[in-house]
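Asker: okay, here's the prediction I keep looking at, along with the sequence it came from:
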Protein chains: 2
Amino acid sequence: MARTAGSDGEKTEAAIRAAALRLMARHGFEAVSMRQLAGEVGVQAAALYRYFPTKEDLLYTLMRAHMEGLIASWEAARPASGNAAALLSAFVENHIRFHVARRHSTHVSNMELRSLSHERLTHILRLRGAYEKELRQILRSGADAGTFHIDDTALTAMAIIQMITGVIVWFRPGERLSVEEVADTYHTMTLRLVGAPA
Amino acid sequence: MARTAGSDGEKTEAAIRAAALRLMARHGFEAVSMRQLAGEVGVQAAALYRYFPTKEDLLYTLMRAHMEGLIASWEAARPASGNAAALLSAFVENHIRFHVARRHSTHVSNMELRSLSHERLTHILRLRGAYEKELRQILRSGADAGTFHIDDTALTAMAIIQMITGVIVWFRPGERLSVEEVADTYHTMTLRLVGAPA
DNA sequence: TAATTAATAGAACGTACGTTTAATTATGGC
DNA sequence: GCCATAATTAAACGTACGTTCTATTAATTA
């Protein structure tokens, strides 16, 4: 057989990306074979190469989409004006909502950096750095205004990011807590962390 | 050739464990082959099987040692008496010191859980759960005493653990900050996080 | 309806993997 | 100095991997 009835490049590519995220989030990039991925999509392994020239290209595409989506999400959610505390709240909420809604993508982006080539790793890290810089700027402006009390801006930014990204390790939507409750509690903890009045 | 001059089972096993941690922390469990590991140790791949029956056994041994070491370290560092704030400080400091001193082991234990069989995964998670329970108890006692102000004990415990484990993602000893300074700043942030007076 | 292009299948290639087996050499106790 | 045993090598086994090649069929265009 060859081309199958109803086959459509766009749909196949989307199915590949979704299946890749799901499988790689669960088993890890190295542990997922192209044949296994193809089987999940319902296609032969060779068909994957029409959409992604190599396995690493596929990973890179997924990671880039994740980081660009995260940055775009923050740009859309960032309040046009407001004090540092309001900005920080918005940042925390956007971060948590984005990651909870993209569990698989987040896992892959956090765990599989080492499977990228040096130059692609550099590009992803640059995107990540740009995103983290947004948080550092918020912290610095709050500290300058006297709203926040911060020892070390870079260290505090990393601590906050680790904390709020860690949500996806234990959070399961539809269980004890809702996203709103979780985001709210993290929001409170973050403000306390930076020494701002609750 | 066969047995080599000066060969010693204990030393070889220690060398295998150290090399495995180093390589797996950098490249990931799946990406490290037994031949590559053997090459790093200076031995043939078959020699590894004298010490570890399978590759997964090796991983499991490393992870179990890490978790048991962490729990033992906390048992040794835990103050015999003291209020919740003092206990929390001791917990944070021990956690950070332990993990910073064992970067490779920490990376492997945090990243490679999915390469364990179900029953071994369960065992490691049980150890992890026991360790996290210590923190939850500290938080609860502090909340009961009115020292801490905590919304959700389980959620707060996870947030703190994510935050203080995340240190090893960015911290490099011998650079801008010392372990003492880092532990001190995290200690301050943690106390603020739980609503305790600094 | 004929020609072109898009989307796939099926088979194969070379390589690397985890692991096993058998042979071989060094070490330590008598 | 002999002997049991500890430590290791060298070679091989079967399997699975990422990827490529070619043929074939479905959809689209003219």
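Answerer: The structure has been received and is ready for your questions.
Asker: hmm, A:Arg97 is touching A:Val179, no?
Answerer: Yes. The pair A:Arg97 / A:Val179 is scored as a contact, 6.4 Å apart, by Cβ atoms under 8 Å. Glycine gets a C-beta too; all of them are placed from N, C-alpha and C.
Asker: name the helices or strands packed onto the top helix by length along chain A?
Answerer: Assignment by DSSP state H gives helix A:118-144 as the longest helix of chain A. With contacts defined as 3 or more Cβ pairs under 8 Å, 6 or more residues apart in numbering or on different chains; DSSP states H and E, the packing partners of helix A:118-144 are helix A:55-77, helix A:84-100, helix A:153-165.
Asker: compute the inter-axis angle for that helix and helix A:84-100.
Answerer: 150 degrees (axes from the mean of the first three to the mean of the last three Cα atoms, to 10 degrees).
Asker: and the angle for helix A:118-144 with helix A:55-77?
Answerer: Using the same axes, to 10 degrees: helix A:118-144 against helix A:55-77 is 20 degrees.
Asker: buried residues in helix A:118-144, which are they?
Answerer: A:120, A:123-124, A:127-128, A:131-132, A:134-136, A:138-140, A:142-143 (16 or more other Cβ atoms under 10 Å in any protein chain shown).
Asker: show me which residues of chain A sit near DNA strand C.
Answerer: Within chain A, the positions adjacent to DNA strand C are A:1-4, A:7-10, A:12, A:38, A:42-47, A:50 by Cβ under 7 Å from any atom of the strand.
Asker: low-confidence ranges in chain A?
Answerer: A:1, A:9, A:197-198 (pLDDT under 70).
Asker: about what we covered before: a markdown table please, covering the helices and strands packed on helix A:118-144 and showing mean neighbour count.
Answerer: Formatted as a markdown table, the helices and strands packed on helix A:118-144 follow (neighbours: other Cβ atoms under 10 Å in any protein chain shown):
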| stretch | mean neighbour count |
| --- | --- |
| helix A:55-77 | 17 |
| helix A:84-100 | 20 |
| helix A:153-165 | 22 |
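Asker: the ones you listed: which one's closest to DNA strand D?
Answerer: In terms of Cβ to the nearest atom of the strand, the element of the helices and strands packed on helix A:118-144 nearest to DNA strand D is helix A:55-77, at 3.6 Å.
Asker: for DNA strand D, what are the nearby residues on chain A?
Answerer: A:1-7, A:32-36, A:45-46, A:49, A:53-56.
Asker: how does it look with 6 Å?
Answerer: Within reach of DNA strand D by Cβ under 6 Å from any atom of the strand, chain A has these residues: A:1-6, A:33-36, A:45-46, A:49, A:54-55.
Asker: distance-wise, check the closest residue to A:Pro79 other than its chain neighbours relative to A:Ala65.
Answerer: Sequence neighbours aside, A:Ala90 is the residue nearest to A:Pro79 in space, at 5.4 Å (criterion: Cβ to Cβ, 6 or more residues apart in numbering or on different chains). Using Cβ to Cβ, to the nearest Å, A:Ala90 is found at 23 Å from A:Ala65.
Asker: and if you look at A:Asn83?
Answerer: From A:Asn83 to A:Ala65 the distance is 33 Å (Cβ to Cβ).
Asker: show me which pair in the residues of chain A next to DNA strand D is furthest apart.
Answerer: Among the residues of chain A next to DNA strand D, the pair separated by the greatest distance (Cβ to Cβ) is A:Ala5 and A:Thr54, at 28.9 Å.
Asker: more neighbours, these two?
Answerer: A:Thr54 (11 against 4; other Cβ atoms under 10 Å in any protein chain shown).
Asker: tell me the contacts of A:Gly82?
Answerer: Counting by Cβ atoms under 8 Å, 6 or more residues apart in numbering or on different chains, A:Gly82 touches A:Ala90.
Asker: next, it: phi, psi?
Answerer: phi 130, psi 160 (degrees, to the nearest 10).
Asker: cool, A:Gly6 as well?
Answerer: phi 80, psi 0.
Asker: what's the distance between it and A:Tyr51?
Answerer: A:Gly6 is 17 Å from A:Tyr51, by Cβ to Cβ.
Asker: spit out the contact partners of A:Ile96.
Answerer: Taking Cβ under 8 Å, 6+ apart as the test, what A:Ile96 contacts is A:164, A:167, A:179, A:182-183, A:186.
Asker: grab the nearest non-local neighbour of it.
Answerer: Going by Cβ to Cβ, 6+ apart, A:Ile96 has A:Ala183 as its nearest residue, at 4.7 Å.
Asker: and the angle for the host helix or strand of A:Tyr186 with helix B:153-165?
Answerer: A:Tyr186 is located in helix A:179-193, with elements delineated by DSSP states H and E. The directions of helix A:179-193 and helix B:153-165 differ by 50 degrees, with the same axes, to 10 degrees as the criterion.
Asker: what about the closest residue to A:Met189 other than its chain neighbours, how many residues nearby?
Answerer: The shortest distance from A:Met189 to any non-neighbouring residue, by Cβ to Cβ, 6+ apart, is to B:Leu193 (5.2 Å). For B:Leu193, the neighbour count with other Cβ under 10 Å is 24.
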